[in-house]
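Asker: Show me the folded form of this:
(one chain, ligands or ions: 2)
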Amino acid sequence: MTHVAMTIAGSDSGGGAGIQADLKTFQELGVFGTSALTAVTAQNTLGVHGVWPLDPEAVTAQMDAVFDDFRVSAVKTGMLFSSDIIRAVARSLEKAGRPALIVDPVMIAKGGAHLLQREAAEALVKELIPLAAVVTPNIPEAEELTGTEIHSEADMEDAARRLLRMGARAAIIKGGHRTDERRASDLYVDADGNRMIFSSERIATKDTHGTGCTFSAALTAFLASGKELPEAAEGAKRFILAAIADGLGLGAGHGPTNHWAYHRLGGMSAKGGISVET
Ligand SMILES: Nc1ncnc2c1ncn2[C@@H]1O[C@H](COP(=O)(O)OP(=O)(O)OP(=O)(O)O)[C@@H](O)[C@H]1O
Ligand SMILES: Cc1ncc(COP(=O)(O)O)c(N)n1
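Answerer: Numbering: from 1, shown residues only. Ligands and ions are numbered 1, 2, ... in the order given. Modelled structure (predicted):
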């Protein structure tokens, strides 16, 4: 059976993040990728050089066209840019019968460019988080969404539980930004009472452009192909670890990760590197 996933995200001309990272990741994991583009960015490993959002109507039309013709098993959101686009996305998802939704609340690119307008964080909380099977913020995004400061694992758990209270069925706070920590550890909680830490060694590299997009796309692909949370989260952690560890050395700035590394290393059978703590 062919599983179909959808990404609703911005285009990264540099190919390491956004819709390009998502579709490459879906393909690597054997899931047919469809998409709704929200914005075009002119971007390379050195930064974001321009952002052109699409009309919300164009986002709705893309989503409706796909939903009218395909059985989509899981949908992820990435860069949504404005509250108008967020509202359009939420309406289309409702119309489509609320498919399994992975919300990656993309806000600011590494170089500081705003991929979500400041005032749109509220729309994310009101319109999309309540529809989410899982929400996957990094530390600054979790702080912004929950109005808390995160300095420790306990702070990560508190923020994750706040996201559950906002209506998400599960939350993963990604620890990539805690560069003072020796390991890269992500905290998972869900509404069924599970709490886990997925952790790996922290690879010393500057090539981490698109790690968040790639992680959430892998999570989406595993969910689309029938895995349950939290097993899908463990798979996504393995995928991103392989992609970071087997870097490509492209570009002069923060280079992309290697989307084909996981497959090449033998997929889920490549057990090394990850620890799961409950
Ligand atoms: N240097 C690293 N070594 C190993 N794993 C990492 C490293 N940096 C990030 N990760 C992992 O990559 C995934 C994405 O995490 P991160 O917190 O970097 O997301 P993000 O901030 O959304 O991405 P980006 O910084 O590219 O915007 C998480 O599973 C995180 O633990
Ligand atoms: C179009 C687009 N979407 C998202 C990100 C952030 O990417 P990430 O947080 O995965 O590095 C990006 N740089 N560009």
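
Asker: Just give the closest residue to the one residue sitting closest to the centre of the chain, not the sequence neighbours.
Answerer: In the chain, the centroid-proximal residue (C-alpha atoms, centre = their mean) is Ser216; its distance is 3.1 Å. In space, and not counting its chain neighbours, Ser216 is closest to Asp104: 3.8 Å by C-beta to C-beta, 6 or more residues apart in numbering. Where you see a C-beta, it was placed from the backbone N, CA and C, and this is true even at glycine.

Asker: before we move on, what about Ala5?
Answerer: Computed as C-beta to C-beta, 6+ apart, the closest residue to Ala5 that is not its neighbour in sequence is Ala224, at 4.1 Å.

Asker: ok, that neighbour touching Arg71?
Answerer: No. Look at Ala224 against Arg71 with C-beta atoms under 8 Å: they stay out of range, at 10.4 Å.

Asker: picking up where we left off before, can you report how many residues lie near the residue nearest to Ala5?
Answerer: By the criterion of other C-beta atoms under 10 Å, Ala224 has 27 neighbours.

Asker: Can you tell me how far it is from ligand 1?
Answerer: Per C-beta to the nearest ligand atom, to the nearest Å, Ala224 is found 19 Å from ligand 1.

Asker: OK, contacts around that residue?
Answerer: By C-beta atoms under 8 Å, 6 or more residues apart in numbering, Ala224 lies in contact with His3, Val4, Ala5, Phe26, Val31, Val72, Ser73, Ala74, Ala100.

Asker: hmm, 6 Å instead?
Answerer: Ala224 makes contact with His3, Ala5, Val31, Ser73, Ala74 under the criterion C-beta atoms under 6 Å, 6 or more residues apart in numbering.

Asker: where's it relative to ligand 2, distance?
Answerer: For Ala224, the distance to ligand 2 - C-beta to the nearest ligand atom - is 19 Å.

Asker: Check that residue and give its pLDDT.
Answerer: Listed pLDDT for Ala224 reads 98.

Asker: do the one 3 residues further on as well
Answerer: Confidence per residue is given as pLDDT, and for Lys227 that number is 97.

Asker: Can you tell me the closest non-neighbouring residue to it?
Answerer: Lys227's closest residue in space is Gly235 (C-beta to C-beta, 6+ apart), at 6.4 Å.

Asker: In terms of helices and strands, where is the one you found?
Answerer: helix 231-245 (DSSP states H and E).

Asker: Identify the residues contacting that helix?
Answerer: Under C-beta under 6 Å, 6+ apart, the answer for helix 231-245 is 172, 188, 198, 200, 203, 211, 214-215, 218-219, 222-223, 257-259, 261-262, 265, 273-274.

Asker: Same check on stretch 261-278?
Answerer: So stretch 261-278 is contacted by 28, 196-200, 237-239, 241-243, 246 (C-beta under 6 Å, 6+ apart).

Asker: re earlier: neighbour-wise, which one of the contacts of Ala224 leads?
Answerer: Ala5 (30 neighbours).

Asker: Tell me where the model's unsure across the chain.
Answerer: Residue ranges of the chain with pLDDT under 70: 268-272.

Asker: For it, list the residues in contact with ligand 2, please.
Answerer: Residues of the chain found near ligand 2 (C-beta under 6 Å from any ligand atom) are 9-10, 12, 17-18, 41, 43, 78-79, 106, 109, 115, 209-213.

Asker: Go back to those residues and keep what's next to ligand 1.
Answerer: Near ligand 1, by the rule C-beta under 6 Å from any ligand atom, you find His209, Gly210, Thr211, Gly212 out of the residues of the chain next to ligand 2.

Asker: Let's see which of the contacts of helix 231-245 end up in strands.
Answerer: The strands, defined by DSSP state E, take in Ile172, Tyr188, Phe198, Ser200, Ile274 from the contacts of helix 231-245.

Asker: of these, closest to ligand 2?
Answerer: The closest of the ones in strands among the contacts of helix 231-245 to ligand 2 turns out to be Ile172 (C-beta to the nearest ligand atom; 13.6 Å).

Asker: shouldn't the closest one be in contact with Val189?
Answerer: No. Assessed by C-beta atoms under 6 Å, Ile172 is found out of contact with Val189, at 8.3 Å.
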